[in-house]
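Visitor: Here's my sequence, what's the structure:
(one chain, ligands or ions: 1)
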Amino acid sequence: MMNPELAIIRIKNLRLRTFIGIKDEEINNRQDVIINVTMHYYAEKARKTDDMEHALNYRTITKAIITLVEDNRFSLLEHLTGKILEIASEHPWVEYATVEVDKPHALRFADSVSLQLSWQRPE
Ligand SMILES: Nc1nc2c(c(=O)[nH]1)N=C([C@H](O)[C@@H](O)COP(=O)(O)OP(=O)(O)OP(=O)(O)O)CN2
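Guide: You can find the predicted model right below:
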């Protein structure tokens, strides 16, 4: 049974533009990416105190992701997703994190293509 104090934070469809890809067009022009992040942490103190001090601040994490994505260039989704996962799993309270990055305009005949990476804190 899942622990009732284990909170799940979901940052949903964070829409940013960055340089991602290996084609000349992708190297020379920003394109849309859609980012979904899920983080698990034990939120009992935050729930009981209603005090931001005891919460895993999703705004802080989101701002760090925005800075990473908008201020850098990436060739592969694997690298971009991995760097975002480093941010999502950095805080010591995070027990589990998963990140999925979509490139909605990457494939001519597909709605989107995405890559997902996950991390679990070692026991
Ligand atoms: N773990 C939690 N983290 C945060 C919570 C929360 O309830 N639990 N709440 C907040 C803020 O209330 C957030 O919901 C709104 O923050 P803000 O409007 O500053 O977010 P923006 O992305 O709109 O920030 P801008 O600077 O206005 O762009 C934060 N964390």
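Visitor: Tell me the secondary structure at residue 81.
Guide: Secondary structure assignment for residue 81 (DSSP: H, G, I helix; E, B strand; the rest coil): helix.
Visitor: Now for it: which residues touch it?
Guide: 99, 100, 101, 115, 116, 117 (CB atoms under 8 Å, 6 or more residues apart in numbering). Bear in mind the C-beta positions are built from the backbone N, C-alpha and C, glycine included.
Visitor: could you measure the fifth one against the ligand, distance?
Guide: Distance check for residue 116 against the ligand: by CB to the nearest ligand atom, to the nearest Å, it reads 22 Å.
Visitor: can you list contacts of the helix or strand containing that residue?
Guide: Here residue 116, judged by DSSP states H and E, is contained in strand 113-120. Residues outside strand 113-120 that contact it (CB under 8 Å, 6+ apart) are 34, 77-78, 81-82, 85, 88-89, 95-103, 106-107.
Visitor: would you turn the contacts of residue 81 into JSON lines with distance to residue 59 and neighbour count?
Guide: Listed next are those as JSON lines, based on distance: CB to CB, whole Å; neighbours: other CB atoms under 10 Å:
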{"residue": "99", "distance to residue 59": "17", "neighbour count": "26"}
{"residue": "100", "distance to residue 59": "20", "neighbour count": "18"}
{"residue": "101", "distance to residue 59": "20", "neighbour count": "28"}
{"residue": "115", "distance to residue 59": "25", "neighbour count": "16"}
{"residue": "116", "distance to residue 59": "23", "neighbour count": "14"}
{"residue": "117", "distance to residue 59": "22", "neighbour count": "20"}
